[in-house]
Each structure stands twice: as C-alpha cells, then as structure tokens.
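A structural model of the following input is requested.
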Amino acid sequence: MTGVRRATTLVELVVVLVLLAILASIAGLAFKATGSLREAPAQEIRLERAQDSATRTGRRVTVTLGTGVHATEATALPDGRVIADSTLTNQVDIGNAP
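Below you'll find the predicted structure:
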C-alpha cells in the first residue's frame with residue numbers, strides 16, 4: 001500500500017500522558033518527602049563541628065540541639081564518639097558511645 005500514512009492515534013497520546021502523570025506524581029512525592037527533613041542537616045552540621053572541635057582540642061564538647069521542649073544535648077568526645085539522647089539518634093545518624 002503506497003501512500004498510506006501512519007499517524008499517532010489519540011489512544012497512544014493518552015497513554016503517553018498517563019505515563020507522564022504517573023512519573024510526575026512519583027517525583028512530586030519524593031520531593032515532598034525530602035522537605036520534612038530540613039532540620040536534620042543543621043543538627044548534623046552542629047554535631048560534626050562539635051566532633052571536629054573535640055578531636056582538635058582533646059576535650060569534650062557539649063552542644064544543645066533544638067529549641068524549647070524538643071531541645072536535647074549531645075556530647076562529642078575527643079576520640080570522635082558522640083553521646084546523645086536516644087531521641088536524637090532516631091533523627092540524626094550518629095555513633096553512640098557503648
């Protein structure tokens with residue numbers, strides 16, 4: 001058959017749009033999930049600085065993380081370990097002293 005032209009059908013366009021919508025919703029959910037963890041990086045930075053300071057000076061360094069009722073203390077030891085409340089270890093990935 002000469003002269004037959006193959007065009008994109010409406011069904012094919014709808015399938016592509018549905019797949020794009022699914023991908024966009026997955027990306028949106030992934031982006032939304034990372035937004036709730038904004039406080040944790042600031043805590044991690046403070047803990048890393050405390051660890052660095054304790055290692056350099058050879059003394060314990062205690063920092064207060066959070067504010068108000070949710071405030072907790074963490075102590076960095078000169079050997080690089082961190083002693084903290086169990087509520088903090090659930091929010092920030094730190095090594096606890098045995």
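
Could you pull up the contacting residues of A71?
Residues near A71 by CB atoms under 8 Å, 6 or more residues apart in numbering: T64, L65. For every residue, glycine as well, the C-beta is placed using N, CA and C.

and if we set it to 6 Å?
Residues near A71 by CB atoms under 6 Å, 6 or more residues apart in numbering: T64.

give me phi/psi at it?
phi -70, psi 140 (degrees, to the nearest 10).

again, but for A84
phi -150, psi 170.

Now do it against A71, distance only.
12 Å (CB to CB, to the nearest Å).

One more: A27?
35 Å.

pLDDT weak spots in this structure?
The chain contains residues with pLDDT under 70 at 1-3, 33-40, 86-98.

can you map out the strands along this structure?
61-65, 72-76, 82-84 (DSSP state E).

now the end-to-end length of stretch 65-75.
11 Å (CA to CA, to the nearest Å).

where's stretch 13-32 relative to the chain centroid, distance-wise?
23 Å (CA atoms, centre = their mean, to the nearest Å).

and what of stretch 62-82?
19 Å.

for that stretch, how far is the first residue from the last?
OK, stretch 62-82 end separation, CA to CA: 9 Å.

which of the residues in that stretch are buried?
Under the neighbour-count criterion of 16 or more other CB atoms under 10 Å, stretch 62-82 has V63, L65, T72, A74, A76, L77, V82 buried.

ok, now how distant is K32 from P78?
In terms of CB to CB, K32 sits 41 Å off from P78.

hmm, back to that, could you dump the strands of the chain into TSV with distance to E12 added?
Listed next are those as TSV, based on distance: least, CB to CB, whole Å:
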stretch	distance to E12
strand 61-65	54
strand 72-76	56
strand 82-84	56
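
what's the closest of those to A21?
Distance to A21, taken as CB to CB, is lowest for strand 61-65 among the strands of the chain, at 40.6 Å.

Paired strands for the closest one, with orientation please.
Partners of strand 61-65 in the sheet, by DSSP bridges, are strand 72-76 (antiparallel).
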